[in-house]
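J.: Give the three-dimensional model of this entry:
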Amino acid sequence: MSTDNIITICSVAVSLIVSVITICAELHKFRKESYNKRVTEERIKWLNKVRDDYSIVMAAYTLKSGTHNNRECSIDEETYNNRMYEAEKARFDLISRLNTNKEDGNEYNLFLKTVLEDMDFCSNYSEQLPDKEDIEIFKMYMNKMLEKEWSKSKDETIGKM
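T.: Okay, the predicted model is just below:
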């Protein structure tokens, strides 16, 4: 075999090896980006669902507790009952979405869960609702939790995680 043939074979082999390594690296990068994108999309869906449920619960709380500043809220009994039923569903959905383990990032969730469990929109008594002080803390913690989750989504989007 001549030297030229050996050089050609070595060049082809090196090119082939570099190409395979590049393809593997790009495939790994693509999979990681795809996974991160999917996780971020799911986190954003989760955040939007939590926000929707939170809004339903707080609107029902305001309606049931009479804390709507005496504004005229004239709705019929059927609409009121439907809203309370939807609030019950949203309340249980929120409870199921809260991770109450002791890991960092879940420090508000146990309190949120406790307040949600204390709510009862289907009873006839407004006494079945947490007091205003607990609700104010609940709103503050809910906003902090949502803000933290939103920050995670932004970090995932730019590839920090």
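J.: so where does residue 111 fall, helix or strand?
T.: Per DSSP states H and E: residue 111 is located in helix 109-118.
J.: Distance from that helix to the middle of the chain?
T.: From the chain centre to the centre of helix 109-118 is a distance of 17 Å (Cα atoms, centre = their mean, to the nearest Å).
J.: Show me which positions of it end up buried.
T.: Residues of helix 109-118 classed as buried: 109, 111, 112, 113, 115, 116 (neighbour count, 16 or more other Cβ atoms under 10 Å). C-beta: built from backbone N, CA, C; applies to glycine.
J.: Now do the contacts for the first one.
T.: Spelled out, it's residue 109. 98, 99, 100, 145 (Cβ atoms under 8 Å, 6 or more residues apart in numbering).
J.: Okay, now the unreliable bits of the protein?
T.: 67-73, 103-105, 125-128, 159-161 (pLDDT under 70).
J.: starting at the chain centroid, how far to stretch 146-161?
T.: For stretch 146-161, the distance to the chain centre is 11 Å (Cα atoms, centre = their mean).
J.: got the residue ranges for the helices in this protein?
T.: 3-65, 77-97, 109-118, 132-157 (DSSP state H).
J.: how big is the angle separating the helix holding residue 111 from helix 77-97?
T.: 150 degrees (axes from the mean of the first three to the mean of the last three Cα atoms, to 10 degrees).
J.: what angle separates helix 109-118 from helix 132-157?
T.: Using the same axes, to 10 degrees: helix 109-118 against helix 132-157 is 130 degrees.
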